[in-house]
Structure formats: structure tokens, C-alpha cells
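> Make a model of this:
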Amino acid sequence: MADDFHRPTRFSNEWFERVEGDVDPVLRLQLASDTAQALLARVRAGADPEVVERILIMAREDGIDTVAELWSHARPHSLPGALWRVNLLHALVSQRADEAAVLYQQGADALHTAAPVVAGVPAPASPAELRALTETILRGLFAGDFALALDRAAAFAVVTAAGAVEAAHADEPTHPDRARERTRLAAALTDIADDLRVCARMWRDEALA
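All right, here's what the predicted structure looks like:
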């Protein structure tokens, strides 16, 4: 597993670790909600392809660190919480594409559900195809069916989590530390998938804020 993580996020070795800051918690949550709603409203209102592409380039090359750190403290079942979780999945693929592709394919092979179909990655999965998937999901958030984008992100997380479980079982006899890390990753991805599915339902019910 890689020891260093660079932009587009400022995560430590512990994936999905929340970023703590000095901002007042109440103000932080309000800022998270305001920035998420403002970003989505501005982009989705016009759905200007150039604006959407600039956001995708920013996520791919520079990240959205400051805003994402605000989103990291939001309630899981909220608009900023959903955006934060999609950003985490995008960062995982951006920073660990080869590993993510292996885990995703292992999960797709192991699962007998519709999750791989919902995610929409051709088999066998390649790093380039996973990058394309996460950019498609991001594009869907800003210029498409928002709930569908969340469902696809959740499905990706489910499949990758299943792959991490398979990899952990294989690693346990000879690489117990890596097995434990992949077990933690699987648990985190499963939680993210559950939260994103709830957010998708709330969006369809016009209750996600």
C-alpha cells in the first residue's frame, strides 16, 4: 500500500480520516451546507459544459481541499456529506488507481448482485476505466441525474469493498498488516455506500440539504 498521498486530497495514511480544524463546529456545518448548495445550484442551473469541465479538471489535478475539508464534517445524510463521500471515492481512484482496479475486479468476480452493472465498469476493470467512471459520476452530480450518480458511486464502493474483503482473506496468512488495512478499507467503503444510497433516496424525495 502506498505510504504517501498527494493532491487532490490531504489525507494521512488512514483513509477516510476526518480532518479536524479550528472552525466553530456550528459555523463549520453551516459553511459546509452553504458551499455545497451554492456550488451545485450555480453549476446545475446552467449546466454549462465548460464550467463542469473546469470542476472536473480541478478535482483531477488540484483537488478541492478547502471546501472538501468543510464537507468532511457534515452529516452523512446531507448534501455536503454526499459530495464529501464522492470526493473520497474519486481520490481513491486518482491516487491508487492500480490497486483500486484490482480490488474492483476482485469484487466484481465475487459478487452475484447487480452492483457491478449499476457501477457500469466494463470487465475486466482497468485503472483508466475506473478513472473514467469517477469522472462520469462527478459529471453526473453537476450536470445529470444527481441521484443516479450517487447510486453509481455507491455501487462502485460496494464492489470495491467486496474486493478488499477478498484481498484481505488472501493476505491474512502472509501479510496480516495489509489484510487489516484492507479490512478497514472494506468497512469504510461499505459505510460510504450505505450513506450514498440514503442520500440518493433523499434527493429523489427532495429532502437532501
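
> residues near the closest residue in space to residue 159 that isn't next to it in sequence, how many?
With sequence-adjacent residues excluded and distances taken as CB to CB, 6 or more residues apart in numbering, residue 159 is closest to residue 107, at 4.0 Å. Yep, even glycine has a C-beta here, placed from its N, CA and C like the rest. Applying other CB atoms under 10 Å, we find 27 residues neighbouring residue 107.

> what sits against residue 107?
By CB atoms under 8 Å, 6 or more residues apart in numbering, the contact set of residue 107 is 116, 158, 159, 160, 161, 162, 163, 164, 165, 166.

> can you give me phi and psi for residue 111?
Backbone torsions for residue 111, taken as degrees, to the nearest 10, come to phi -80, psi 150.

> Show the pLDDT at it.
Note for residue 111: predicted pLDDT of 95.

> Also residue 40?
69.

> check contacts around residue 183.
Neighbouring residues of residue 183 by CB under 8 Å, 6+ apart: 164, 165, 168.

> And the last one, how close does it get to residue 99?
Residue 168 sits at a distance of 13 Å from residue 99 (criterion: CB to CB, to the nearest Å).

> next one: residue 205
36 Å.

> Same check on residue 166?
Using CB to CB, residue 166 is found at 13 Å from residue 99.

> what do you get for residue 193?
In terms of CB to CB, residue 193 sits 18 Å off from residue 99.

> neighbour-wise, which of the two wins?
Neighbours per residue, other CB under 10 Å: of residue 193 and residue 99, the larger number sits with residue 193, 23 against 20.

> How about that one: what's its closest non-neighbour residue?
That would be residue 157: by CB to CB, 6+ apart, it lies 3.9 Å from residue 193.

> same for the strand or helix carrying the one you found, what does it pack against?
Taking DSSP states H and E as the definition, residue 157 sits inside helix 146-171. Other elements packing on helix 146-171 under the criterion 3 or more CB pairs under 8 Å, 6 or more residues apart in numbering; DSSP states H and E are helix 79-95, helix 97-110, helix 115-119, helix 127-143, helix 176-204.

> Can you tell me which of those is packed in deepest?
Greatest average neighbour count among those goes to helix 79-95 (a mean of 24), per mean count of other CB atoms under 10 Å.

> In CSV, list the C-alpha atoms belonging to that helix.
Extracted C-alpha coordinates of helix 79-95, given in CSV (Å, rounded to 0.1, in the frame of the first residue of the first chain):
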residue,chain,number,x,y,z
LEU,A,79,-25.7,17.3,0.5
PRO,A,80,-22.2,18.2,1.6
GLY,A,81,-21.9,14.8,3.2
ALA,A,82,-22.7,13.1,-0.1
LEU,A,83,-20.3,15.3,-2.0
TRP,A,84,-17.5,14.5,0.5
ARG,A,85,-18.1,10.8,0.1
VAL,A,86,-18.0,11.0,-3.7
ASN,A,87,-14.8,13.1,-3.4
LEU,A,88,-13.2,10.4,-1.3
LEU,A,89,-14.0,7.7,-3.9
HIS,A,90,-12.6,9.9,-6.6
ALA,A,91,-9.5,10.5,-4.6
LEU,A,92,-9.1,6.7,-4.0
VAL,A,93,-9.1,6.1,-7.7
SER,A,94,-7.0,9.1,-8.6
GLN,A,95,-4.3,8.2,-6.1
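
> now the angle between helix 127-143 and that helix, please.
Helix 79-95 and helix 127-143 are oriented at 160 degrees to each other (axes from the mean of the first three to the mean of the last three CA atoms, to 10 degrees).
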